[in-house]
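Trainee: give me coordinates for this.
(one chain, ligands or ions: 1)
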Amino acid sequence: MAKRPLTIFLASPRGFCAGVERAIEIVERAIRKYGPPVYVRHEIVHNRYVVEALQAKGAVFVEELNEVPDGVPVIFSAHGVPKSIPNEAQNRKLLYVDATCPLVSKVHREAERHHRDGRQIVLIGHAGHPEVIGTMGQLPEGSIVLVEDAAQAEALEVPDPAMLAYITQTTLSVDDTVEIIEVLQRRFPEISGPKKEDICYATTNRQEAVKAIAPHCDALLVVGAPNSSNSARLVEVAQKHGCRTAMLVQRAAEVDWGRLDRIERLGITAGASAPEILVEEVIAACQQRYEVEIQEVTVTSENVVFKLPRLLTSTAAE
Ligand code: SF4
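Mentor: Numbering: from 1, shown residues only. The predicted structure is shown next:
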């Protein structure tokens, strides 16, 4: 029987960002330099496939530093860590490499600057996300208050509205964040903040690409992990921009083909921690069922590359 036609709109940019590429490279180089095992505190990036590939090479993933034995190197994940973690590593004389994305570190420095200037800081972000835990842990308890949505921004009470600043998680919905910032600026006109927000280029570009394809899609698949903030935001962005049937899948085996029955146009994108090989896997699964035509929709190109820590770049290390 002839296969039914399916047009795939492939969002671009999608998938790995410069911070994720750098974090993976740090683990791989550390394994080559020090030999396995190399411990990693928290999933280096939120993707099972990536974590398992690194485990196969000699990485051991743990949640807390007290699970790392003495004398082995440890790497901190791309999401950033509270200051107490490198302090604890130093006390234990552990060799550690910090794989925090430079764009997350930039937010940490912003927070420190506001704190030095005597400002109370509002962090716009999601409770419990490792990046939020890491950012809040840059300063003494109580220096940063978390606001998750516009309603919380409306209800926020601060001791001195003239001494207030905001920072944001890097992987939020651009549109939701603008709304929250508008509430804060209306209620506290003197609030300081970054020029736009701290949402990173990769999160912004992936959301823009989804906005471009969503209105033309009957359904849209976001390849990414359930605990990946930027992937979850891509599903919401698609739903808000005209594609109600938007779903997160970790890989092809998770696709609910019943929900894709009878569709003619499918959007595909991937979160910043999802490797392209998983996108290819989903496309191949579509090709088994449909006569596929692929149209890549590119909203911008990216050429961001972050430097690796010097400890891992000296030639003697290789
Ligand atoms: S999503 Fe943005 S902040 Fe997070 S690792 Fe990638 S570039 Fe860095």
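
Trainee: which parts of the stretch 151-300 of the chain sit against the ligand?
Mentor: Within the stretch 151-300 of the chain, the positions near the ligand by CB under 6 Å from any ligand atom are 170-171, 200, 202-203, 230, 272. (Glycine included, C-beta is placed from N, CA and C.)

Trainee: apart from its chain neighbours, what residue comes closest to Glu236?
Mentor: Ser173 (6.0 Å; CB to CB, 6 or more residues apart in numbering).

Trainee: give me the number of residues near the one you found?
Mentor: Using other CB atoms under 10 Å, the number of residues around Ser173 comes to 20.

Trainee: smallest gap between this protein and the ligand, at which residue?
Mentor: Distance from the ligand to each residue of the chain (CB to the nearest ligand atom) is smallest for Gly19, at 2.4 Å.

Trainee: any idea of the mean pLDDT for the helix or strand hosting that residue?
Mentor: Here Gly19 sits within helix 18-34, counting by DSSP states H and E. Throughout helix 18-34, pLDDT has a mean value of 98.

Trainee: could you dump the helix or strand that that helix is followed by to PDB, C-alpha only?
Mentor: Using DSSP H and E, the next helix or strand after helix 18-34 towards the C-terminus is strand 38-41. Output in PDB follows, covering the C-alpha atoms of strand 38-41 (Å, rounded to 0.1, in the frame of the first residue of the first chain):
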ATOM      1  CA  VAL A  38      35.600  11.000  36.200                       C
ATOM      2  CA  TYR A  39      32.700  11.900  38.400                       C
ATOM      3  CA  VAL A  40      30.000  14.400  37.300                       C
ATOM      4  CA  ARG A  41      27.700  16.100  39.800                       C
END
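
Trainee: now the residue nearest to Glu236, what are its backbone angles?
Mentor: Ser173 adopts backbone torsions of phi -70, psi 130, taken as degrees, to the nearest 10.

Trainee: just Ile8 next, same as before
Mentor: phi -100, psi 120.

Trainee: number of nearby residues for it?
Mentor: For Ile8, using other CB under 10 Å, the count is 21.

Trainee: wait, it touches Thr269, no?
Mentor: No. In this structure, Ile8 is not within contact of Thr269 by CB atoms under 8 Å, at 10.8 Å.

Trainee: tell me which stretches of this structure form helices.
Mentor: Secondary structure of the chain (DSSP state H): helices located at 18-34, 48-57, 84-91, 102-116, 130-136, 150-155, 174-187, 201-213, 229-240, 276-289.

Trainee: specify the angle between the helix holding Gly19 and helix 229-240 in degrees.
Mentor: Angle, helix 18-34 to helix 229-240, by axes from the mean of the first three to the mean of the last three CA atoms, to 10 degrees: 160 degrees.

Trainee: distance of the closest residue to Val60 other than its chain neighbours relative to Glu28?
Mentor: With sequence-adjacent residues excluded and distances taken as CB to CB, 6+ apart, Val60 is closest to Pro37, at 4.6 Å. Separation of Pro37 from Glu28 (CB to CB, to the nearest Å): 14 Å.

Trainee: in PyMOL, how would I select just the buried ones from the residues of the stretch 151-300 of the chain next to the ligand?
Mentor: A single PyMOL command selects the buried members of those (16 or more other CB atoms under 10 Å):
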select buried, resi 170+171+200+202+203+230+272
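
Trainee: from the residues of the stretch 151-300 of the chain next to the ligand, pick the one nearest Gln185.
Mentor: Within these, the smallest distance to Gln185 is 20.2 Å, found for Thr170 (CB to CB).

Trainee: was I right about the closest one contacting Glu197?
Mentor: No. With contact defined as CB under 8 Å, Thr170 does not reach Glu197; the gap is 9.1 Å.

Trainee: pLDDT score for Thr100?
Mentor: 98.

Trainee: that one: neighbouring residues, count only.
Mentor: 20.

Trainee: now Gly35
Mentor: Neighbours around Gly35, by other CB under 10 Å: 11.

Trainee: next: Ile294.
Mentor: Counted with other CB under 10 Å, Ile294 comes out at 13.

Trainee: please name the bridge partners of the nearest residue to it once chain neighbours are set aside.
Mentor: Excluding the flanking residues, the one nearest Ile294 by CB to CB, 6+ apart is Ile8, at 4.8 Å. Beta-bridge pairing for Ile8 (DSSP bridges): Leu266, Ile294.

Trainee: and Ile8, how far is that from Ser273?
Mentor: Where Ser273 is concerned, Ile8 sits at a distance of 22 Å (CB to CB).
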